[in-house]
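S.K.: Sharing a model that was predicted from the sequence below.
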Amino acid sequence: MKVLILGSGGREHALAWAVARSARVTEVVCAPGNGGIAGVARCVPVSLKDVDAMVRLAEAEKPGLIVVGPELPLSLGIVDTLEELGFRVFGPTKAAAMLESSKGFAKQFLQRHNIPTANFAVCATAAEAEKAISHFHAPIVVKADGLAAGKGVLICESRHTAVEAAQGLFSGTLLGEAAEQVVIEEFLTGDEISFLCLSDGENVVPMVPAQDHKRIGEGDTGPNTGGMGVYSTDEMLEPAMKEWVMRHIARPTIRGMAAEGTPFKGVLYVGLMMTARGPQVLEFNARFGDPETQALLLRLDSDLVDALEACIDGKLAQTELRWTPGAAACVVASSAGYPGGYKTGLPITGLEAAARVPGVVVFHSGSAKVGDQLLTAGGRVLGVTALGASLEEALARAYQALGEIAFEGMYFRRDIGHRALKKK
């Protein structure tokens, strides 16, 4: 079977790597892909903003399975369009993807279905936002309603800065595009957990938990990014807590979407905050996370393609996900200046030596192949990912591999997993 993966980041590299390992797969095509993905898949240029171009590609390639990686094509309704043409597509419809593409929709959905989340207000104007902010205690979270590549969430230390943030989102000065709605939210404290599940629209199967590190700086300081690293261990969630999250959050979400006429098939990514009053939903994503996918798929010990097809066919209840015990860790190597401006086109060296470190796979997030040379082509360049019998071993292997890699201005956090290590 030929599999087509839409996307170009580290998540898609991990998906292509895992799909290529399936005995049922004869070829992997990735569009547009990147320099690293070219090592496991045939890369074809396509714009992920252009539904017609993606359809033309699918019609030319005739894949047996299409996997949609990023959120933008989902929000444009690529799954709806391809399914209407008879393609087998893994991912939610445009209506179901609103759990991610509209934070206002997601918060109101959570409220309708009594799923635990932070107190909030959805505002359509800056004046509404200012009035709502007066009812919240600082710090206050201000969120752009739409997709913002992980950069639309602002944590404000005072009501005054929250009002300024809301005004900046509405005017377009903060993200370059004016927000139609802004969500004002209570600030929650606790450990964040990325809880990903597969769903066939009715059944839900959890993946192993992970913890992302969104801030650019060590000690979780500085601006938010798309994710600077992640780790996954079995100890992150006790079995009883995992079942609580399934019973009170994951299953009610899938039941609620079905009841509202928008069944959710694909990956439901639940961003959780483990607070003193119990787990609370911070956000939903309607696709695999990045860099969570890199760590999770390294731990997956069963056939990913079987699981994806079970979601499409409504047979998830008969599917078991098997996981390698121990831990996985992914450390992101980024360009100097990210998440602000940065240079691209810089040569990357040491990848072969890094790949020789036991248990390590280097996933590419932002690279391009020019001739025989791999060059930087994004803010997040590499996701150096490792398995280990323990978190300490996984992290040691990832950092050993990073020590082999170099490009001008390379930056990475040296404290991935610091909260878990402190607890030991």
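M.R.: Okay, I see it.

S.K.: pretty sure Asp191 is in contact with Arg419, am I right?
M.R.: Yes. Contact criterion CB atoms under 8 Å: Asp191 and Arg419 qualify, at 6.3 Å. (Glycine included, C-beta is placed from N, CA and C.)

S.K.: intersection of neighbour lists for these two?
M.R.: Here Asp191 and Arg419 have Gln211 as joint contacts, going by CB atoms under 8 Å, 6 or more residues apart in numbering.

S.K.: For Gly150, give me the pLDDT.
M.R.: The model reports Gly150 with a pLDDT of 55.

S.K.: Please point out which parts of stretch 297-308 sit buried.
M.R.: 297-300, 303-305, 307-308 (16 or more other CB atoms under 10 Å).

S.K.: Using the three-state scheme, assign the residue nearest the centre of the chain.
M.R.: Of all residues in the chain, the one closest to the mean position by CA atoms, centre = their mean is Gly289, 1.7 Å from it. Secondary structure, DSSP: H, G, I helix; E, B strand; the rest coil: Gly289 is coil.

S.K.: where along the stretch 301-424 of the chain do the helices fall?
M.R.: Assignment of helices within the stretch 301-424 of the chain using DSSP state H, counting those that start in this stretch yields the ranges 304-313, 351-355, 391-402, 418-423.

S.K.: can you give me the end-to-end distance of stretch 343-350?
M.R.: End-to-end span of stretch 343-350 (CA to CA, to the nearest Å): 20 Å.

S.K.: let me fix that: stretch 351-362
M.R.: End-to-end distance (CA to CA), stretch 351-362: 8 Å.

S.K.: Now tell me what touches that stretch from outside.
M.R.: 17, 36, 294, 298, 374, 382-388, 393-394, 397-398, 400-402, 404-405.

S.K.: Could you rerun that using 7 Å?
M.R.: For stretch 351-362, the external contacting residues (CB atoms under 7 Å, 6 or more residues apart in numbering) are 17, 298, 374, 382, 384-388, 397-398, 400-401, 404-405.

S.K.: lowest confidence element among the helices and strands of the protein?
M.R.: helix 418-423 (a mean of 80; mean pLDDT, DSSP states H and E).

S.K.: hmm, who's touching that one?
M.R.: Counting by CB under 7 Å, 6+ apart, 191, 231, 233, 391 sit against helix 418-423.

S.K.: What is the nearest of those to Ile66?
M.R.: Tyr231 (30.1 Å; CB to CB).

S.K.: does the closest one have beta-bridge partners, and which?
M.R.: Legend: beta-bridge partners of Tyr231 under DSSP bridges are Gln211, Ala329.

S.K.: my guess is it meets Arg299, correct?
M.R.: No. If you go by CB atoms under 7 Å, Tyr231 and Arg299 don't touch, sitting 10.6 Å apart.

S.K.: Name the residues contacting each of these two.
M.R.: Counting by CB under 7 Å, 6+ apart, the residues touching both Tyr231 and Arg299 are Ala328.

S.K.: Would you mind giving both backbone torsions of Ser158?
M.R.: phi -150, psi 160 (degrees, to the nearest 10).

S.K.: Now do the buried residues in stretch 341-357.
M.R.: 342, 346, 348, 351, 354, 357.

S.K.: Redo those as TSV? Include distance to Ser22 and pLDDT.
M.R.: As requested, the buried residues of stretch 341-357 are arranged in TSV below (distance: CB to CB, whole Å; pLDDT from 0 to 100):
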residue	distance to Ser22	pLDDT
Tyr342	35	97
Leu346	34	98
Ile348	28	98
Leu351	25	97
Ala354	25	98
Val357	25	98
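
S.K.: which two from the residues you listed end up farthest apart in space?
M.R.: Applying CB to CB across the buried residues of stretch 341-357, the maximum distance is between Tyr342 and Val357, 26.3 Å.

S.K.: which stretches of this structure have low pLDDT?
M.R.: Within the chain, the ranges that satisfy pLDDT under 70 run 148-151, 424.

S.K.: how does it divide into domains?
M.R.: Per automatic domain parsing, the domain ranges recorded for the chain read 2-91, 125-180, 191-318, 327-423.

S.K.: From Asp234, how far out is the closest residue to Ser194 other than its chain neighbours?
M.R.: Spatially, and ignoring its direct neighbours in sequence, Ser194 is nearest to Ala210 (4.5 Å; CB to CB, 6 or more residues apart in numbering). Relative to Asp234, Ala210 is positioned 11 Å away (criterion: CB to CB, to the nearest Å).

S.K.: who has more neighbours, those two?
M.R.: When Ala210 and Asp234 are compared for neighbours, Ala210 comes out ahead with 27 against 15, by other CB atoms under 10 Å.
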